[in-house]
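Q: I'd like to go over a predicted model; first the sequence, then the structure.
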Amino acid sequence: MQIILKQDVPNLGSKDELVTVRDGYARNYLIPKGLAISATPSVLKMHAEIQRQRAHKEEKLRNEALALAEKLKEVALTIGAKTSSKGKIFGSVNTIMIAEALAAKGFEIDRKNITIREELVKEVGTYHARIKLYKDVYADIKFEIVSE
């Protein structure tokens, strides 16, 4: 039986994907739980139109993310932190501080989309972070930790 998934199902597929499963699995589990709908000819037509519109929107969002990635390549961040005389930071630098520094430069990036390449940032120096802008679009930035 062919079904269209309404949300991600582990080991089966992702949202809005057309998959073939056994009849009993679809009728007794997926459809009653609201995880899928049966793929009738009218539903398939509607699904194709929605996919076409979504592809256009996603292409636009991806192009915007690529443009933002080009702008972020040129950004150099400087983050001030309280340090000891040996250059050790009291505490650590995290993604919240990077997001605030980017916001000060005019880039509104959610802290959840930022990952610091090094495990712990506990000393003064230059480090790298990766920002997820879209599904497959990333921007790498350098940030420097200086003593306040």
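A: In hand now; what should we look at?

Q: who touches the helix or strand that contains Lys142?
A: If you go by DSSP states H and E, Lys142 is part of strand 137-147. For strand 137-147, the surrounding residues in contact (C-beta atoms under 8 Å, 6 or more residues apart in numbering) are 62, 65-66, 68-69, 72-73, 75-83, 87, 89, 93, 98, 101, 121, 123-133. Where C-beta positions appear, they are placed from N, C-alpha and C, glycine not excepted.

Q: filter these down to the buried ones.
A: 65, 68-69, 72, 77, 79, 81, 83, 89, 93, 98, 101, 121, 123-124, 127, 129, 131-133 (16 or more other C-beta atoms under 10 Å).

Q: for this protein, which spans come out with low pLDDT?
A: In the predicted model of the chain, no residue satisfies pLDDT under 70.

Q: now, which of the contacts of strand 137-147 lie within strands?
A: Counting by DSSP state E, those place 76-81, 125-133 in strands.

Q: ok, so of these, who is nearest Ala48?
A: Leu133 (28.5 Å; C-beta to C-beta).

Q: would you confirm that that closest one contacts Glu70?
A: No - with contacts counted by C-beta atoms under 8 Å, Leu133 stays clear of Glu70, the gap being 10.6 Å.

Q: quick test: name the residue nearest the centre of the protein.
A: Lys132 (5.0 Å; C-alpha atoms, centre = their mean).

Q: what about that residue, distance to Val93?
A: 19 Å (C-beta to C-beta, to the nearest Å).

Q: which residue ranges make up the domains of this protein?
A: Using automatic domain parsing, the domain parsing of the chain gives 2-68, 69-147.

Q: show me what the helix or strand containing Ala48 is packed against.
A: Per DSSP H and E: Ala48 is located in helix 41-73. Here helix 41-73 touches strand 2-5, strand 125-134, strand 137-147, going by 3 or more C-beta pairs under 8 Å, 6 or more residues apart in numbering; DSSP states H and E.

Q: hmm, 10 Å instead?
A: strand 2-5, strand 18-20, strand 125-134, strand 137-147 (3 or more C-beta pairs under 10 Å, 6 or more residues apart in numbering; DSSP states H and E).

Q: which one in the protein is furthest away from the centre?
A: Ser85 (38.1 Å).
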